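A.B. asks: Sequence and predicted structure are below.
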Amino acid sequence: MSRQNKHIYIAVVVAMAMFGCSNLTAQQKPFDTIEVNVITRYKPTIHDAVKLDNNPAVADTVHLERNVKYDLVNTQYPTSYIPPQISALQIKGEPLETLYHSFLNAGIGNYNTLYGEYFFNSLRSNNMDYGFHLNHLSSDFTTNNYGYSAYAFNDIEAYGERFFAQHTLTADAGFENHILHDYGYNTAENMIIDNNTTRENFDLYDGSLDYASSYKDSSRVGHDIKLKYYNLDNTIYNASENNVNADMKFFTYFNQQRIDLKVHVNYFDDNNELGSSSNTDILFNPYFSTYETHWDAHLGANVYYNTIDKKANVYPDLLARYHIAQDVVMIYAGIDGNETFNSYKLLSDANPFVQDTMKLNYTYTQYHVYGGITGSITPKLTYNLSGGQSLIKNMPLFITDTLEQLRNRFTVVYDNVTVTNMHGDLDYKWRNKLSIILAGDYNIYSPTNQLKAWYNPALKMSATGKYTINDKYILKAEFFVVGSQYAPQMIDGVMTAKTLAGYPDLNLGIEYKYNKVFTAFLNLNNIANVAYYAWDNYEMERFNLLIGIRLGF
């Protein structure tokens, strides 16, 4: 027995002896003395009780089911409710803005430049709209060592619109008189006494009639039918061209898909010193468009027929776009092709110094495949980056007619050219106060027979901006960069390529709006005073300014 257990045993015996002798106090017998040593305090311990969990349970194998039958009584309790009458809400609109039916622009500048423009429009109407426009611009600009280069442009046009319940009828007519001079010759080598010798006078009469639908029911067949006519007359060289054009568009929706059909008919009649000719071309362009959550597509074909080839040519008309993150990024790709008749008007608009006896022919874009990415970086900033390639058959290229004495007019040669294009643009708009557009194109031309794609620069870049301050001042800026281009040059009977240097062109403008009736403006063009040539021997105007006013009444 250990020492600790021994002491506990003695303590228990003493306690029992004391309890047993508690009733013998009357005998007064002395007790023996015992010494007890306690090493630690006593720690009582209560063990967890173990309970019996015997709940009574009844094992019942009988399940009661209640079958309830409902009978409905077809009886409606009569009720009625008459809402109280509410008085009409009176809405007080803002006063209508004052409209002016006339605007007059007038200005003067260096080179004896005169500018005048007048607009007249009808005021508010639910039934019709009409107006007319007059314009004049003239200058006596003449560059050193080249011929007399004054010009004068006069334009008149009028229009009218009639609004019906579901249609709009529009008619317009106009007249243009453009006078200029073929000044691209060396005055030291060729003395011209009468400036009318190089004068060109273009008169253009045109008109159109358009009948378009505005159905609210998308299941109906919408339409836009337009008839156009023009007569172009060069009174100096007795050359003229007549054109009748019918442009018809039909569209409807079927199962949330839009179906379109375009029919285009063109008739040309040309007359010049060599005789007359006529031709007709027809375009038949059916396509349908489908729209889904993340993509949309345009699927169709261009079917052309002309009376020169007397055969039908079919080109694809396909475009697919995939939308990412709610149009923040949109990827697109497509392929198409077309045919264009190089009419006298089309070529003289591109180069007014062209001959009237040049050959007119069709240009065939056998394919144009392209793709890119576009979208919006912010609600104010959008972008577009693309690339493509085209195979163009019979592309018109201008060359100097060396058979003429002054060598100051151009004729046209046609060549098959492969064009590779890279394009980018960035557009920023802020609260109708600021707008900036940056754009650029880089083209690689690969002609088949000609040395170069004459007068087609590889690089074109532009930056335009407009800023409005307190609705009083409007600042405008335009900056253009045109890369070098090539002009044909005959040396000892051999065709060579002459390089025309590229050029920058910076233009600035400011407008001050005193009120809605009076505005003053100042335009500064070619601020760097750069001498550049759009055509060989045809130097463009250097620094020029135009100051004027605008009146509303």
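C.D. replies: Arrived safely, thanks for sending.
A.B. asks: CA atoms for contacts and neighbours, from now on please.
C.D. replies: Will do.
A.B. asks: This protein: helices as residue ranges?
C.D. replies: With helices called from DSSP state H, the chain shows them at 3-20, 344-350.
A.B. asks: Low-confidence bits of the stretch 51-200 of the chain, can you list those?
C.D. replies: 51-79, 92-93 (pLDDT under 70).
A.B. asks: Not counting sequence-adjacent ones, nearest residue to Val417?
C.D. replies: Once flanking residues are discounted, Val417 sits nearest to Pro447: 4.2 Å by CA to CA, 6 or more residues apart in numbering.
A.B. asks: The one you found: neighbour count?
C.D. replies: 19 (other CA atoms under 10 Å).
A.B. asks: do the same with Asp349
C.D. replies: Asp349 has 11 nearby residues by other CA under 10 Å.
A.B. asks: State the distance from it to Leu522.
C.D. replies: The gap separating Asp349 from Leu522 is 28 Å, by CA to CA, to the nearest Å.
A.B. asks: Contact partners for Thr113?
C.D. replies: Contacts for Thr113 were tallied using CA atoms under 8 Å, 6 or more residues apart in numbering; they are 137-140, 546.
A.B. asks: Beta-bridge partners for it, please?
C.D. replies: As for beta bridges, Thr113 partners with Gly109 under DSSP bridges.
A.B. asks: just for the chain, where's the confidence low?
C.D. replies: 1-79, 92-93.
A.B. asks: separation between the residue nearest to Val417 and Gly548?
C.D. replies: Taken as CA to CA, the span from Pro447 to Gly548 is 46 Å.
A.B. asks: for Val419, same thing?
C.D. replies: Distance from Val419 to Gly548, by CA to CA: 43 Å.
A.B. asks: ok, now Val354?
C.D. replies: Taking CA to CA, one finds Val354 at 33 Å from Gly548.
A.B. asks: The two: who's more crowded?
C.D. replies: Val354 (22 against 18).
A.B. asks: Quick check: PyMOL command selecting the buried ones in the contacts of Thr113.
C.D. replies: Of the contacts of Thr113, the buried ones go into a single PyMOL selection, burial set by 16 or more other CA atoms under 10 Å:
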select buried, resi 137+138+139+546
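A.B. asks: With distance to Gln85 as extra columns, can I get the contacts of Thr113 in JSON lines?
C.D. replies: JSON lines is the format used below for the contacts of Thr113 (distance: CA to CA, whole Å):
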{"residue": "Leu137", "distance to Gln85": "66"}
{"residue": "Ser138", "distance to Gln85": "70"}
{"residue": "Ser139", "distance to Gln85": "72"}
{"residue": "Asp140", "distance to Gln85": "76"}
{"residue": "Leu546", "distance to Gln85": "66"}
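A.B. asks: what's the farthest-apart pair in the contacts of Thr113?
C.D. replies: Greatest spacing in the contacts of Thr113, by CA to CA: Asp140 and Leu546 (13.8 Å).
A.B. asks: which residues touch stretch 400-414?
C.D. replies: 182-185, 190, 353-355, 358-359, 394-399, 488, 537.
A.B. asks: at 6 Å instead, please
C.D. replies: 184-185, 353-355, 358, 394-399 (CA atoms under 6 Å, 6 or more residues apart in numbering).
A.B. asks: again with stretch 148-160
C.D. replies: Contacts of stretch 148-160 (CA under 6 Å, 6+ apart): 129-142, 170-181, 183.
A.B. asks: Let's see it as PDB, backbone CA atoms only.
C.D. replies: This file holds the C-alpha atoms of stretch 148-160, laid out as PDB (Å, rounded to 0.1, in the frame of the first residue of the first chain):
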ATOM      1  CA  TYR A 148      -5.100  81.500-117.100                       C
ATOM      2  CA  SER A 149      -6.800  79.500-114.400                       C
ATOM      3  CA  ALA A 150      -9.900  81.500-113.400                       C
ATOM      4  CA  TYR A 151     -13.100  79.600-112.600                       C
ATOM      5  CA  ALA A 152     -16.800  80.300-111.800                       C
ATOM      6  CA  PHE A 153     -19.300  77.900-110.400                       C
ATOM      7  CA  ASN A 154     -23.100  78.700-110.400                       C
ATOM      8  CA  ASP A 155     -25.700  76.300-109.000                       C
ATOM      9  CA  ILE A 156     -29.500  76.400-108.700                       C
ATOM     10  CA  GLU A 157     -31.600  73.700-107.200                       C
ATOM     11  CA  ALA A 158     -35.200  73.400-105.900                       C
ATOM     12  CA  TYR A 159     -37.100  70.700-104.200                       C
ATOM     13  CA  GLY A 160     -40.500  69.800-102.800                       C
END
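A.B. asks: Show me which parts of that stretch are buried, residue by residue.
C.D. replies: 148-160.
A.B. asks: With stretch 157-176 instead?
C.D. replies: Here stretch 157-176 shows 157-161, 167-176 as buried, counting by 16+ other CA under 10 Å.
A.B. asks: what's the first-to-last distance across that stretch?
C.D. replies: Per CA to CA, the first residue of stretch 157-176 is 8 Å away from its last.
A.B. asks: ditto for stretch 353-368
C.D. replies: So stretch 353-368: terminal residues 30 Å apart, CA to CA.
A.B. asks: Please tell me how far Met248 sits from Leu227.
C.D. replies: 8 Å.
A.B. asks: So what touches stretch 439-451?
C.D. replies: Under CA under 6 Å, 6+ apart, the answer for stretch 439-451 is 416-425, 458-462.
A.B. asks: Among those, which are located in strands?
C.D. replies: 416-425, 459-462 (DSSP state E).
A.B. asks: Of those residues, which is the most crowded?
C.D. replies: In the ones in strands among the contacts of stretch 439-451, the most neighbours by other CA under 10 Å go to Val417, 23 neighbours.
A.B. asks: what sits against that residue?
C.D. replies: 392, 446-447.
A.B. asks: I'd like these laid out as a markdown table, including distance to Asn234.
C.D. replies: A markdown table is the format used below for these (distance: CA to CA, whole Å):
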| residue | distance to Asn234 |
| --- | --- |
| Ile392 | 29 |
| Ser446 | 34 |
| Pro447 | 32 |
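A.B. asks: Looking at the residues you listed, which is nearest Ser289?
C.D. replies: Ile392 (27.0 Å).
A.B. asks: which non-adjacent residue is nearest the closest one?
C.D. replies: Take Ile392 and drop its neighbours on the chain: the residue closest to it by CA to CA, 6+ apart is Thr365, 4.4 Å away.
A.B. asks: Which strand residues bridge that neighbour?
C.D. replies: Asn338, Ile392.
A.B. asks: That one against Asn338, yeah?
C.D. replies: Yes - under the criterion of CA atoms under 6 Å, Thr365 makes contact with Asn338 at 5.2 Å.
A.B. asks: Good, wrapping up.
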